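J.: okay, sequence plus prediction incoming.
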Amino acid sequence: MKYEPNKSFIRRKIDDLKHEVEIAKYKASMFWNRNKDEIIRLAPYVVAIGGPAINVIRKHVVNAKQENLMTRHIYDRSAGHYWMLRRKPTQAQWSVIDQRKAQGESLYVILSDMNLLK
C-alpha cells in the first residue's frame, strides 16, 4: 500500500487491514488449489480428532474460570457484589472472617484489615 498523506490515520489502518485480508484469501485459495486432494483425504480425520479436543479444552477453560472466581472472589450479600482477593484465605482467616461477620462488621472492612483485598 502506498502512503497517502491526506487520508486519516484510521482510514489508512482500515485500508491496510483490507489489503492483508485480500492477501490471506489469495494465499488460502492457492493452498487449496495446490493441495485439494490431500485436504479432502485428511479432513474427516482432522474433524474427528479436533471436535472432541475442542470440547475438552472448552470444558477446561470454563472450569478454570469458575475455580478462579470461587477462590479469588468473595460475594458480599450486604453489598451485592464480589470482592477480588489477592490470595485465597487460609482456614484460620476464614474463621476470623466468620466471627467478625457474626459481630456485624462489613465484609469490606474485614478483608481490608486482613490485607486480602486486591
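T.: On my side now, so go ahead.
J.: quick one, phi psi at Asn115?
T.: Per-residue torsions, Asn115: phi 60, psi 40 (degrees, to the nearest 10).
J.: and the gap between it and Thr90?
T.: 13 Å (Cβ to Cβ, to the nearest Å). In short, each C-beta sits where N, CA and C put it, glycine included.
J.: walk me through the domains of the chain.
T.: Here the domain assignment for the chain is 9-69, 74-113, based on automatic domain parsing.
J.: could you dump the ones you listed to CSV with mean neighbour count and mean pLDDT?
T.: As requested, these are exported to CSV (neighbours: other Cβ atoms under 10 Å; pLDDT from 0 to 100):
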stretch, mean neighbour count, mean pLDDT
domain 9-69, 10, 93
domain 74-113, 13, 90
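J.: give me the element Asp98 is part of.
T.: helix 91-102 (DSSP states H and E).
J.: residues contacting that helix, please?
T.: Identification of contacts with helix 91-102 by Cβ atoms under 8 Å, 6 or more residues apart in numbering yields Pro89, Leu107, Ile110, Leu111, Met114, Leu116.
J.: between which two of the residues you listed is the distance greatest?
T.: Put simply, by Cβ to Cβ the two of those set farthest apart are Pro89 and Leu107, 11.6 Å from each other.
J.: mind listing the helices for this structure?
T.: Taking DSSP state H as the criterion, the chain contains helices spanning 9-34, 36-72, 91-102, 107-113.
J.: nearest to Trp83, out of those helices?
T.: Closest among the helices of the chain, using Cβ to Cβ: helix 107-113, at 5.7 Å.
J.: using PDB, write down the CA coordinates of that closest one.
T.: The C-alpha coordinates for helix 107-113 follow below in PDB (Å, rounded to 0.1, in the frame of the first residue of the first chain):
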ATOM      1  CA  LEU A 107     -17.000  -7.800  54.700                       C
ATOM      2  CA  TYR A 108     -15.100  -5.000  53.000                       C
ATOM      3  CA  VAL A 109     -13.800  -3.800  56.400                       C
ATOM      4  CA  ILE A 110     -12.800  -7.300  57.400                       C
ATOM      5  CA  LEU A 111     -10.900  -8.000  54.200                       C
ATOM      6  CA  SER A 112      -9.200  -4.700  54.000                       C
ATOM      7  CA  ASP A 113      -8.000  -5.100  57.700                       C
END
